[in-house]
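Asks: The following comprises the amino acid sequence and a computationally predicted model.
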Amino acid sequence: MERRKFLQSLAAAGSVVLPATGAAQSGTQSPVLKIPRVSDPGELRGEMLYRKLGQTGETVSAIGLGGSHIGKPTLTQDEATRLIHQAIDRGITFMDNCWDYNEGRSERFMGDALAQSGYRNKVFLMTKIDGRNKDIATDQLNDSLRRLRTDRIDLVQFHEVLRFDDPDRIFREGGAFDALMDARKAGKVRFIGFTGHKDPHVHLYMLEVAAKHNFQFDAVLMPSNLMDAHFRSFAQLVMPKLVEQKIGIQTMKPFCGGDGIILKSGAIQNPIDCLHYALNLPTNVVITGIDKPSILDQAFEAAKTFKPLNDHQFAALLSKTQQVAATGQYELFKVSAHFDGTARHPDWLGSDNPAVQKLAPQLPG
C-alpha cells in the first residue's frame, strides 16, 4: 500500500519512477527509470488531440507533420500538397521544417501548399536554421521565409545543437542568437527554440548558456521513443528541466528515425505503441514523418485512441525495449553521424565571428 501511495504521489507531480520490468522478471536488479509523464492529456477535437505549447499561449495539434519526409525525392509537389492539405483539413496544425531539408525542397513544397486557399493561417509553422554566426543565420532565415512564402514564421529553432561548442558559438557576440533576436523585433519570427538529437547533456548546456544570457527558450525539440528511455535519455535528463521551466516540449523520432528503425528491431511490432508512448510523456507535440496517406491515417489513429497509460502499462511497454536499447544501437542519431547533416556540411554552420578569427592565428596548432 505504501508503494502504491508513493507512485500516486509521483504521478501527481508529473513523473513516475519505474523499474524496467524485464530485468526484474529475469531475477536481476533492474535500473530505475525516472520518466516524466504527461499531466494534461489534451483536448480531443474530431480526429486530433490538442495541447498547449509551453508558455507561448498557442495550442497546437499533439502530432505534427515532419518536414523532412514531405520533401522526399519520391514525392511530387502535387502529392506533397495533397498530403499537407489533408493533414490540415483533418486537424494537424503543427508544421515542422528546416532550412537544409532536401536542399530546400521541403520548405518549397510546404510553402507552395500553405500559400493556397488560406492554409498558412490555419497552421503553426516551425522551421530551423543551421548557421552559428549572425550573417549566415540571417541569410538562412531569409531563404526559409522566401521558400515558405510567408512574412513570418511562428517558431524558428537553432538546428542540430550537437556539440558542446554550439551553444557558445550561437550566443557569443555576433552569433546566430543576435540574428533571431533582430528577426523577432522585425516581426519575422514569433518564438525561438533549439533542437538536437545527439546527447541530452548538450541540451542541458544549451539551457545553461541561455540562462547566463538572461534568455529562456520558448520551445525545445528532442528525440523521444521507447529506446531513448534506456540509453543517454532525453526523457530522463532534459524533459524534467523543461517541465520545471514551462518551456514548450516538442519531440521527434518516435520510430528512432529513418523508416521505422525501432520496428525493425523486433522489440515493438505496433507503430501505434510508439506514438502512444511519445504522447504519454509531457510533450506538447510529437513530430512524425508523413509521406503517404496510410502514414497520415496512422497519425490520426494514434491521436484518436490515445489514453494515458497506468504505471503497469507504462512499465510493461518500456520493458520490451530494455535489452535491445541498452547500447543505443538502434538510435543511430545518438551513436553515429548518419543523421548529422551539419557534420557532413560544416559550411552550413558558417565561420566563427571576427573576434575569434582574429585570435585564431595567434594560437598554436
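Replies: Thanks, I have it.
Asks: Tell me the spacing between the residue lying closest to Ala235 once chain neighbours are set aside and Tyr50.
Replies: Leaving out its chain neighbours, the residue that sits closest to Ala235 by C-beta to C-beta, 6 or more residues apart in numbering is Ile35, at 5.2 Å. Bear in mind the C-beta positions are built from the backbone N, C-alpha and C, glycine included. Separation of Ile35 from Tyr50 (C-beta to C-beta, to the nearest Å) stands at 23 Å.
Asks: and if you look at Ala315?
Replies: Counting by C-beta to C-beta - Ala315 and Tyr50 are separated by 28 Å.
Asks: circling back: show me the beta-bridge partners of the residue nearest to Ala235.
Replies: Val16 (DSSP bridges).
Asks: ok, so what distance separates it from Pro282?
Replies: 10 Å.
Asks: if we can go back for a sec, what about the residue nearest to Ala235, neighbour count?
Replies: 23 (other C-beta atoms under 10 Å).
Asks: do the same with Arg82
Replies: The burial count for Arg82: 15, using other C-beta under 10 Å.
Asks: Ok, the one 10 residues further on next?
Replies: Residue neighbour count, defined by other C-beta under 10 Å, stands at 26 for Ile92.
Asks: Now do the SS call for it.
Replies: coil (DSSP: H, G, I helix; E, B strand; the rest coil).
Asks: begin at 29 from here
Replies: Renumbered: residue one is now 29, and that last one reads Ile120.
Asks: Isn't it up against Ala90?
Replies: No - Ile120 lies out of contact with Ala90 (C-beta atoms under 8 Å); the separation is 9.4 Å.
Asks: intersection of neighbour lists for those two?
Replies: Common contact partners of Ile120 and Ala90 (C-beta atoms under 8 Å, 6 or more residues apart in numbering): Met76.
Asks: per-residue confidence for Ser379?
Replies: You'll see Ser379 listed with a pLDDT of 85.
Asks: Just to be sure, it is in a strand?
Replies: No - counting by three-state DSSP, Ser379 falls outside a strand, being coil.
Asks: give me phi/psi at it?
Replies: As for Ser379, its main-chain torsions (degrees, to the nearest 10) stand at phi -80, psi 170.
Asks: Could you list the low-pLDDT ranges of the stretch 29-178 of the chain?
Replies: 29-60 (pLDDT under 70).
Asks: count of neighbours near Asp68?
Replies: 11.
Asks: what does the one 10 residues further on give?
Replies: When neighbours are defined as other C-beta under 10 Å, Tyr78 has 21 of them.
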